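Visitor: What follows is a predicted protein model with its sequence.
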Amino acid sequence: MRRRITLALTFIGLAFGILALSPPANAQTTGSDAAVFDIVQVSGFLDEINADFIEQSIADAESIGSGGVILQVNSSASVISDARLVELAMRIHDADVPVYGWAGPSHATAQGGMAQLMAVTDQIGIASFASFGNTGELVVTDYLPEGRAELLEGLEDTTISDLDAIDLGLIDHESPTLALFALGPAVGDELPGFESIVDTTSGEEPVREIASPVRLRKLSLFKGWMHSVASPAMAYLLFLVGASLLVFEFYTAGIGVAGVVGAVCFILGCYGLEVLPTRGWALALLVIAMLGYAIDVQSGAPRAWSVIATGCLIVGSLFLYDGFSISWITLLVGIIGVALSMVNGMPSMVRTRFGTPTIGREWMVGMMGEAVTEVKKDGVVMIDGAPWRAMVNRTTPILAGDPIRVVAIEGLFLEIEPEEGGARDYREMRG
């Protein structure tokens, strides 16, 4: 029964929640010249990007004389310092406009630092099947409304539902949608400054609708993207993908698409891991894992280092974050994907490149080619239409475009000499 009532109220709220709805004819209003209300969407972890966004939204609302700010929250954790959290609480408490908090939509949550900030607001609302709590140690008690600190006792490590919040006295009434949170259960119960209209002509019974203009605020495209990069799953996968592509690029000649994409992913992954509470020793295990795989990739077959690397990868992935964990789906994608590519894919690529009859070591010695880049100590040369990494032991560099000759192969590098001026013994050895 409760679910049916909730669904019905949700559809009604959505219908009434159209932005800047114009009053119909013969409508009775509860006020005139309604002020604009700002809806500020805060989702994901409470990081520095979201913290700055909340502060800027309040400042913008104050500058235009907004009727109030409603924080629409769906956040499960905070990754900012306690000092920064206290600054935000003070900003909300001292704002020149009312600030309200609503955890929604349905099944959303407000936990950690974001739950503490919601507790500082003038009024709290929670959508149906949403949760609130797990606040951690309260650090914003100086800015809580009178009596609210006592209501939050016992919520430091547990969450409550919307109905439990009503029983506790934390919220006054159910608010399945944001519109119903602002309108309240009846005429006169609206948020202070928020106005409604009563439509007496459109249906058989009078219906309340929104009169106050509403302005939706969300993170800009770039900041929203960087906020997503700093999520636990995204930072973890970007780091692994970037490191894997860089290892792959090490075994190819020159700088290709894989190297560029890998570098970008690696940098973004490092940024996300720096923002999040990352365990240093677990991150070090991930680095050791990639180095271990790289050693066996060079040998062309999985050996002891592959076993060590896989163990480091599993342990580092499981304990990477301090205070929360990664979903098992993300862990499977990261661990299995990296292990398969490093143990099977890349060694096969190296064996194909250096071990086939078409491109064999003996066949290449004595071949002529051309320098693609300037070769001082090392560079890239073109042999039989294929790029190769090469090195030369000469004080005078080989310029790009100069003809060269292969004299030996050292590991992954070709040892070359200029076509003219090479050592005499090499030419004699070639007969």
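Guide: Now that the structure is in, tell me what you want to look at. Numbering: from 1, shown residues only.
Visitor: now residue 414: how far from residue 366?
Guide: Counting by Cβ to Cβ, to the nearest Å, the gap from residue 414 to residue 366 is 12 Å. C-betas here are computed from N, CA, C, even on glycine.
Visitor: who's more crowded, those two?
Guide: Using other Cβ atoms under 10 Å as the criterion, residue 414 and residue 366 rank with residue 414 on top: 26 against 14.
Visitor: and the more buried one, what does it touch?
Guide: Listed by Cβ atoms under 8 Å, 6 or more residues apart in numbering, the contact partners of residue 414 are 364, 381, 383, 388-391, 406, 408.
Visitor: possible to save those residues as JSON lines with pLDDT, secondary structure and neighbour count?
Guide: Below are those laid out as JSON lines (pLDDT from 0 to 100; DSSP: H, G, I helix; E, B strand; the rest coil; neighbours: other Cβ atoms under 10 Å):
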{"residue": "364", "pLDDT": "77", "secondary structure": "helix", "neighbour count": "18"}
{"residue": "381", "pLDDT": "88", "secondary structure": "strand", "neighbour count": "28"}
{"residue": "383", "pLDDT": "84", "secondary structure": "strand", "neighbour count": "20"}
{"residue": "388", "pLDDT": "82", "secondary structure": "strand", "neighbour count": "24"}
{"residue": "389", "pLDDT": "81", "secondary structure": "strand", "neighbour count": "18"}
{"residue": "390", "pLDDT": "87", "secondary structure": "strand", "neighbour count": "26"}
{"residue": "391", "pLDDT": "87", "secondary structure": "strand", "neighbour count": "17"}
{"residue": "406", "pLDDT": "88", "secondary structure": "strand", "neighbour count": "22"}
{"residue": "408", "pLDDT": "84", "secondary structure": "strand", "neighbour count": "13"}
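Visitor: Which neighbours do residue 414 and residue 366 have in common?
Guide: In terms of Cβ under 8 Å, 6+ apart, residue 414 and residue 366 are both contacted by the residues residue 406.
Visitor: May I ask which helix or strand encompasses the nearest residue to residue 264 once chain neighbours are set aside?
Guide: Spatial nearest neighbour of residue 264, excluding adjacent residues (Cβ to Cβ, 6 or more residues apart in numbering): residue 242 at 7.2 Å. Using DSSP states H and E, the secondary-structure element containing residue 242 is helix 232-250.
Visitor: Now do the domain split for the chain, please.
Guide: Following automatic domain parsing, one gets these domains for the chain: 2-219, 230-355, 361-430.
Visitor: Just give me the lowest mean pLDDT stretch among these.
Guide: Among the domains of the chain, domain 361-430 carries the lowest mean pLDDT, at a mean of 78.
Visitor: what distance separates that one from the centre of its chain?
Guide: Centre-to-centre, domain 361-430 and its host chain are 45 Å apart (Cα atoms, centre = their mean, to the nearest Å).
Visitor: roughly how far apart are the nearest residue to residue 397 once chain neighbours are set aside and residue 250?
Guide: Spatial nearest neighbour of residue 397, excluding adjacent residues (Cβ to Cβ, 6+ apart): residue 376 at 4.3 Å. The gap separating residue 376 from residue 250 is 19 Å, by Cβ to Cβ.
Visitor: what does residue 157 give?
Guide: Residue 157 is 46 Å from residue 250, where distance means Cβ to Cβ.
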